[in-house]
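In: task: produce atomic coordinates for the following.
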Amino acid sequence: MSSALAAPAAPPKYRPLAFGVTRATLHETMDGTQYLMAEQPLQAFGDRMSDRLLHWARATPDTTFIAQRVRGADGKSGDWRHVSYAQALDAARRIGQALIDRGLSAERPVVVLSDNGIDHALMALGCLFAGVPYSPASPAYSTISKDYGKLRHVIGTLTPGLIYAEDGDRFGAAIAATAPADAEVVLSRNAGHAHLKGRAAKPFADLLATEPTPAVDAAQAATGPETIVKFLFTSGSTKLPKAVINTNRMWCANQQQMRQSMPVLTEEPPVLIDWLPWNHTFGGNHNFGLVLSNGGTLYVDEGKPTPALIGETLRNLREIAPTLYFNVPTGFEAIANAMKTDDALRKNFLSRVKMFFYAGAALAQPVWDSLFESEEREIGQRIVMTSGLGMTESSPYGLFVTSPNVKAGDLGLPTPGLELKLVPVDGKVEIRYRGPNITPGYWRGPEATAEAFDEDGFFCTGDAVTWIDPGDYHQGLRFDGRIAEDFKLATGTFVSVGPLRGRVIAGGAPYIQDVVVTGLNRKEVGALVFPTQAVRSLCDLPADAPMDQVLQHRAVREKFQSLVTDLSLTATGSANRVARLMLMAEPPSIDLGEVTDKGSINQRAVLKHRDTLVEALYDEAPGHTVIKP
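Out: Now for the predicted structure:
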């Protein structure tokens with residue numbers, strides 16, 4: 001028998017992808033605070049985002065800026081409608097003129113209630129051109145919410161002069177309930193629908209029919225770096241959502257930062273097929289902005305990573321081949337599962353994509369492995385899965401990974417021009433931001449603004465980080481959870497929620513959507529688990545069986561019994577040992593603030609509104625709903 005050692009496995013082969021920032025500068029003060037910046041300086045950037053529309057309308061007038069499927073009378077989507085850069089500029093000037101005629105301003109901005117779409121995009125460009133701020137409010141505030149509480153808060157904060165929605169049928173009731181008497185209502189469809197309850201509305205076509213005058217071009221030229229372009233509301237994880245001021249300087253600087261950190265943006269005009277909502281900074285600033293800034297094309301994906309809508313996403317990806325692809329972990333999970341057996345999806349989707357990017361939550365290792373397997377099977381190499389860190393207040397791009405060797409939780413190094421301050425807080429290290437892409441504050445929120453910045457002008461994120469390799473800071477940082485979520489057990493042991501939540505989700509993939517960690521002032525760590533629809537595949541119940549019935553099925557309980565046992569056996573102490581687990585049949589509620597419409601869980605809100613379940617989880621004689629090792 002040969003005693004020779006087996007040869008080490010060959011490193012995986014990746015489709016080429018350049019990384020713009022791979023080295024940083026670091027210095028530390030006497031109190032342990034560290035300051036981290038990219039070695040690469042930030043290059044010059046423009047004064048206004050609307051200049052990019054002007055540039056591409058002149059340089060590539062016939063290139064498609066945005067496309068969306070046309071829906072027939074039966075509601076089914078068909079062929080793509082394309083809007084070129086020249087057409088987008090013409091529409092922006094017309095809409096911009098209409099807004100100027102109405103005397104709109106930052107004090108009386110535009111509020112948009114609709115999903116992503118062509119008319120929504122043209123309204124946004126018209127606002128951008130005229131120098132009138134707009135705010136895309138979450139459609140869920142109008143269509144899922146029962147009391148319109150958050151929509152009332154948005155409208156009360158902004159005092160809009162115009163409210164735009166795509167469809168009077170879908171958004172009319174919310175408009176009738178919340179729109180101020182002095183706010184004009186504009187609709188693309190069903191302007192006279194009964195849901196408006198007699199409220200007068202004008203068709204969007206009237207804005208598009210407005211003849212532009214030299215005044216609109218003068219208004220565009222008068223905008224500059226400090227001009228407010230939009231208000232994006234935070235998710236409201238701990239309080240009511242705050243209106244984050246977004247200026248031209250922030251957006252323009254951030255787009256230049258992205259180009260330097262992600263050189264792929266400069267290699268060819270990007271082509272995106274994207275569902276991420278524009279009321280969030282990921283979809284609305286990052287993705288919409290990178291297309292506009294770099295002369296790309298955005299195909300609006302009306303699918304979503306949900307059982308009811310993922311089919312539309314897969315249909316689009318069989319047809320449109322993106323050059324870059326952005327999604328949240330649940331989206332990548334659904335795509336990874338589909339690619340195992342869908343040859344047409346694999347062939348088209350992977351044909352020219354150079355980079356994947358995920359954000360919003362942890363991406364479980366089995367999903368990575370499944371994606372890599374399909375990629376190597378189809379194209380003989382892997383697509384680099386990238387990630388980073390950002391937030392609404394940072395426009396959002398802040399950090400980006402430095403190499404193809406990415407692991408879940410890796411954040412990388414700061415983008416050029418962004419200075420990081422790493423501050424020890426309660427046994428962790430908080431990351432803080434200062435740079436041209438950082439918001440000046442919250443609209444009509446002076447107290448919240450003052451609380452958000454430290455004495456040196458750094459924005460306090462509340463995110464905790466650690467080094468990927470303490471011996472090599474050039475590799476960058478890893479995510480270490482949210483400081484506000486962490487807590488102590490009754491024993492005084494500190495529980496780091498973020499890493500533990502990621503461990504539970506990864507261990508239970510693909511059956512766990514999200515987890516809320518419990519145990520404040522108790523002796524043991526517990527978990528409230530929100531399952532995915534995949535749990536239905538574990539049992540033989542009908543497809544429409546109630547979720548509470550599914551979760552009580554023996555096969556499902558055995559699966560989670562195995563999970564909690566494995567988590568207990570692999571724990572290193574009481575702080576990361578899940579001692580009890582309860583499955584949630586009721587999904588997290590957007591009305592109660594338990595989850596954002598992008599899918600991010602709000603740990604604090606769930607614990608508040610499900611306190612009776614937490615009590616049952618820790619009952620000395622727990623019922624059959626509690627699973628223990």
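In: in the protein, which residue is most central in space?
Out: Closest to where the C-alpha atoms of the chain average out (CA atoms, centre = their mean) is residue 282, at 4.4 Å.
In: so who does it touch?
Out: Counting by CB atoms under 8 Å, 6 or more residues apart in numbering, residue 282 makes contact with 276, 326, 359, 360, 390, 396, 598. (C-beta placed from N, C-alpha, C; glycine too.)
In: okay, those residues in TSV with secondary structure next?
Out: Listed next are those as TSV, based on DSSP: H, G, I helix; E, B strand; the rest coil:
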residue	secondary structure
276	coil
326	strand
359	coil
360	coil
390	strand
396	coil
598	coil
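In: of these, which is the nearest to residue 495?
Out: The closest of the contacts of residue 282 to residue 495 turns out to be residue 360 (CB to CB; 22.4 Å).
In: now the closest one, nearest residue through space, not along the chain?
Out: Spatially, and ignoring its direct neighbours in sequence, residue 360 is nearest to residue 328 (4.1 Å; CB to CB, 6 or more residues apart in numbering).
In: try residue 321
Out: Excluding the flanking residues, the one nearest residue 321 by CB to CB, 6+ apart is residue 351, at 4.7 Å.
In: give the helix, strand or coil label for the one you found.
Out: Under three-state DSSP, residue 351 comes out as coil.
In: now residue 578: phi and psi?
Out: Here is the backbone geometry of residue 578 (degrees, to the nearest 10): phi -80, psi 110.
In: just the pLDDT for the nearest residue to it once chain neighbours are set aside.
Out: Of all residues not flanking residue 578 in the chain, residue 567 sits nearest, at 4.5 Å (CB to CB, 6+ apart). Residue 567 carries a pLDDT score of 89 in this model.
In: all helices of the stretch 401-550 of the chain, in order?
Out: In the stretch 401-550 of the chain, the segments counted as helices under DSSP state H, counting those that start in this stretch are 446-452, 497-507, 547-551.
In: which one of those has the poorest average confidence?
Out: Among the helices of the stretch 401-550 of the chain, helix 497-507 carries the lowest mean pLDDT (a mean of 87).
In: for that helix, packing partners?
Out: Counting contacts by 3 or more CB pairs under 8 Å, 6 or more residues apart in numbering; DSSP states H and E, helix 497-507 is packed against strand 477-482, strand 512-518, strand 525-531, helix 554-569.
In: how about the CA coordinates for it, as CSV?
Out: Extracted C-alpha coordinates of helix 497-507, given in CSV (Å, rounded to 0.1, in the frame of the first residue of the first chain):
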residue,chain,number,x,y,z
VAL,A,497,-27.1,37.3,17.9
GLY,A,498,-25.9,37.8,14.3
PRO,A,499,-23.5,34.9,14.0
LEU,A,500,-25.8,32.6,16.0
ARG,A,501,-28.8,33.4,13.7
GLY,A,502,-26.6,32.7,10.7
ARG,A,503,-25.5,29.4,12.1
VAL,A,504,-29.1,28.3,12.7
ILE,A,505,-30.2,29.3,9.2
ALA,A,506,-27.3,27.5,7.6
GLY,A,507,-27.9,24.4,9.6
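In: what does it contact?
Out: So helix 497-507 is contacted by 361-362, 364-366, 408-409, 464, 479-482, 485-487, 512, 514-517, 525, 527, 529, 563, 566-567, 575-576, 578, 603 (CB under 8 Å, 6+ apart).
In: buried ones only from the residues you listed, please, as a ChimeraX command.
Out: Only the buried entries of the contacts of helix 497-507 go into this ChimeraX selection, using 16 or more other CB atoms under 10 Å:
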select :361,362,364,408,409,464,479,480,481,482,485,486,487,512,514,515,516,517,525,527,529,563,567,575,576,578,603
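In: below-threshold pLDDT in the stretch 51-200 of the chain: ranges please.
Out: Along the stretch 51-200 of the chain, no part satisfies pLDDT under 70.
In: 90 - rerun?
Out: Where the stretch 51-200 of the chain drops to pLDDT under 90, the residues are 71-78, 140, 144-147, 191-200.
In: and the helices and strands packed on helix 497-507: which comes nearest residue 117?
Out: So among the helices and strands packed on helix 497-507, strand 512-518 is nearest, using CB to CB, at 27.0 Å.
In: how far off centre is that closest one?
Out: Distance, stretch centre to chain centre, for strand 512-518: 19 Å (CA atoms, centre = their mean, to the nearest Å).
In: then stretch 178-198?
Out: With CA atoms, centre = their mean, you get 29 Å for stretch 178-198.
In: start to end distance for it?
Out: In terms of CA to CA, to the nearest Å, the two terminal residues of stretch 178-198 are separated by 14 Å.
In: what lies in contact with that stretch?
Out: Under CB under 8 Å, 6+ apart, the answer for stretch 178-198 is 102, 111, 114, 119, 148, 151-152, 155, 159-169, 171-173, 175-176, 199-204, 206-207.
In: let's go with 6 Å and repeat that
Out: Stretch 178-198 has contacts (CB atoms under 6 Å, 6 or more residues apart in numbering) with 119, 148, 151-152, 155, 160, 162-169, 172-173, 175-176, 201-204.
In: okay, buried residues for stretch 615-629 please.
Out: 617, 618, 625, 626, 627, 629.
In: distance of the second one from residue 579?
Out: Taking CB to CB, to the nearest Å as the measure, residue 618 falls 9 Å from residue 579.
In: before we move on, back to that, columns neighbour count on top of the contacts of residue 282, output as a markdown table?
Out: Output for the contacts of residue 282, formatted as a markdown table (neighbours: other CB atoms under 10 Å):
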| residue | neighbour count |
| --- | --- |
| 276 | 24 |
| 326 | 23 |
| 359 | 20 |
| 360 | 18 |
| 390 | 24 |
| 396 | 23 |
| 598 | 20 |
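In: any chance of those in JSON lines, with pLDDT too?
Out: Shown next, in JSON lines, are the contacts of residue 282 (pLDDT from 0 to 100):
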{"residue": "276", "pLDDT": "94"}
{"residue": "326", "pLDDT": "97"}
{"residue": "359", "pLDDT": "85"}
{"residue": "360", "pLDDT": "71"}
{"residue": "390", "pLDDT": "94"}
{"residue": "396", "pLDDT": "96"}
{"residue": "598", "pLDDT": "51"}
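In: about what we covered before: please indicate which of the contacts of stretch 178-198 are buried?
Out: For these, buried by 16+ other CB under 10 Å: 119, 148, 151, 155, 160, 162-168, 172-173, 175-176, 201, 203-204.
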